[in-house]
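Q: pasted the sequence and its predicted model underneath.
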Amino acid sequence: MEIKLDFKSKENTIIEFKRILLNDINIENFSVKTLKESEEEISLEIKADELKKVFTLKNYTKNMIDQKTVMAKAGLLLLFEKKYPWGALVGVRPTKLVRRFLLMGYSFEEIDEILKKLYFVFPEKRALLLEVVKKENEYLNDKSINMYVGIPYCPTRCKYCSFASYEINSKLGGFYNQFVETLIEEIKLTGEMLKGKSYNIESLYFGGGTPSILKEKDLKNIIQALYENIDLSKLKEFTFEAGREDTLNLEKLNILKEMKVDRISLNPQTFNEKILKDLNRSFNREHFDEMFKEIKKLGFVINMDFIIGLPGEKVEDILRTLDQVKDYEIDNFTIHTLAIKKGSKLLKDNYKIGEIENEKIQCKIKEITTLKKLFPYYLYRQKNTHDWGENIGYSLLGKESIFNIEMIEENQSTIALGGGGISKKVMRIDKTRSSIERYINPKDPYMYICEMKERIKQKNKLFEF
Ligand code: SF4
């Protein structure tokens, strides 16, 4: 597509936009001419080959973001009469855009109008976005930081998995003991780096992989090392992922309680055992229910993750699983849409996402969240999913996860330890923008073991605050 614009813009973002939302249309020449630009109004003539339209809008953005580029992209949707629930929004973090408008001084009413008239977002998605951002605003706190610990092992690797995860019985699983030793060493070295510095760790998150795969004594030793070496006195939340019931037992749960973990994420993904088995993931409902009861008895906040669109699942199967969620007293409920990601077996097998009757599923989710008084509190979108679908975290009021909010909004810096942990230093550029510097620990446990001591020096440079 040849692009001609009479204003400065990143043309590659327009090409990318066309690729994502108008991939089925062939355009040879695309041009945009400014007919009028004043403090009050912007008017553009948008042309794609033989099609032409004038797109006139209030000048919303006070020149702080490039409204003309957004109009050029949205103009393509107008020209080809394309309508999508998320309109011209193609970013992974739409809530970040809303927050940016807020920081620019717009009210929620004005932002709703911008999303409608400039981005063509459907009313239900606008309402969802604004509701989530209002909730996030109750928690966001860039004066604190968070900590992540990655345990890159799982009992088996699920076919859709793209995370830092290696099968415990594989060759790399043979490095488990050394991995645990290295992680404890990394915790100690991080503690030394932080000594004398002023920092508030507000939330701590064990992810992976499946952290509950850790043996009882290792679980205890790792968390103990954190308490002994890192100042966790300001901690408001400690989450531990126990996504696979086959890694859990009562002894581990008691250790987690004793170690002051307060949230557990149990992730069945579906209650359809046959589908899980086909995805290389074992699931025993009886044991799951038993663990759920124990977790509840011990008083943890419980999250459950589900994935919509797993291979082989029909809409009736998904509705059946969702109906069964009603039987569990959960605090958080997270709905993902299947994404085919790099590194997954599904991508290697060239698996293609099929159609799903999303309307029925959305109705069921609404029914459950209403019944259980769960409200959306964070969301993000993913490429290569059904309809560019969104992942939404729902919560009982007051039980929202600070860590999830801060991670999605990229508002706090993160110190990440362990396999595949991504450390982030968030730096404010101005009132409305920030930049992020990242440092990624090796995912591969062997590399992590070999390189941790050398690499931690580089990582620690991020945190010379
Ligand atoms: S349980 Fe999660 S991290 Fe482990 S293999 Fe499955 S998707 Fe990956």
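A: Done, it's in. Keep in mind that what you see is a predicted model, and the values were worked out from it rather than measured.

Q: pull the longest helix from the protein.
A: When the chain is parsed with DSSP state H, its longest helix is helix 176-194.

Q: list the contacts of stretch 456-465.
A: For stretch 456-465, contacts defined as CB atoms under 8 Å, 6 or more residues apart in numbering pick out 186, 189-190, 193-194, 197-199, 413, 415, 423-425, 437, 439, 441. The way it works is simple: take the backbone N, C-alpha and C, and place the C-beta from them, glycine included.

Q: please redo it, this time with the cut-off set to 6 Å
A: The contact list for stretch 456-465 (CB atoms under 6 Å, 6 or more residues apart in numbering) reads 189, 193, 423, 425, 437, 439.

Q: just give me the neighbour total for the second one.
A: Residue crowding around residue 193 was assessed by other CB atoms under 10 Å; the count is 17.

Q: can you pull the contacts of it?
A: Residue 193 neighbours (CB under 6 Å, 6+ apart): residue 460.

Q: switch to 7 Å and redo it
A: By CB atoms under 7 Å, 6 or more residues apart in numbering, the residues touching residue 193 are 460, 463.

Q: could you do the first one as well?
A: Counting by CB under 7 Å, 6+ apart, residue 189 touches residue 456.

Q: could you report the pLDDT at it?
A: You'll see residue 189 listed with a pLDDT of 97.

Q: what about it, distance to the ligand?
A: 26 Å (CB to the nearest ligand atom, to the nearest Å).

Q: check the last one too.
A: If you measure residue 439 against the ligand using CB to the nearest ligand atom, the figure is 21 Å.

Q: state whether that residue is indeed within a helix.
A: No - if the criterion is DSSP: H, G, I helix; E, B strand; the rest coil, then residue 439 is strand and not within a helix.

Q: who touches it in this structure?
A: 423, 458-459, 462.

Q: kindly reformat the residues you listed as JSON lines containing neighbour count and pLDDT.
A: Formatted as JSON lines, the contacts of residue 439 follow (neighbours: other CB atoms under 10 Å; pLDDT from 0 to 100):
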{"residue": "423", "neighbour count": "21", "pLDDT": "96"}
{"residue": "458", "neighbour count": "9", "pLDDT": "90"}
{"residue": "459", "neighbour count": "23", "pLDDT": "91"}
{"residue": "462", "neighbour count": "17", "pLDDT": "88"}
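
Q: on that earlier part again, tabulate the CA atom coordinates of the longest helix of the chain in PDB.
A: Written as PDB, here are the backbone C-alpha positions of helix 176-194 (Å, rounded to 0.1, in the frame of the first residue of the first chain):
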ATOM      1  CA  TYR A 176      15.600 -28.600  39.600                       C
ATOM      2  CA  ASN A 177      17.700 -28.800  42.700                       C
ATOM      3  CA  GLN A 178      20.400 -26.500  41.200                       C
ATOM      4  CA  PHE A 179      17.600 -24.100  40.100                       C
ATOM      5  CA  VAL A 180      16.300 -23.900  43.700                       C
ATOM      6  CA  GLU A 181      19.800 -23.200  45.000                       C
ATOM      7  CA  THR A 182      20.400 -20.500  42.400                       C
ATOM      8  CA  LEU A 183      17.100 -18.900  43.100                       C
ATOM      9  CA  ILE A 184      17.900 -18.600  46.800                       C
ATOM     10  CA  GLU A 185      21.300 -17.200  45.800                       C
ATOM     11  CA  GLU A 186      19.600 -14.600  43.600                       C
ATOM     12  CA  ILE A 187      17.300 -13.700  46.400                       C
ATOM     13  CA  LYS A 188      20.300 -13.100  48.700                       C
ATOM     14  CA  LEU A 189      22.200 -11.000  46.000                       C
ATOM     15  CA  THR A 190      19.100  -9.000  45.400                       C
ATOM     16  CA  GLY A 191      18.800  -8.300  49.100                       C
ATOM     17  CA  GLU A 192      22.400  -7.100  49.200                       C
ATOM     18  CA  MET A 193      21.700  -4.800  46.200                       C
ATOM     19  CA  LEU A 194      18.600  -3.400  47.900                       C
END
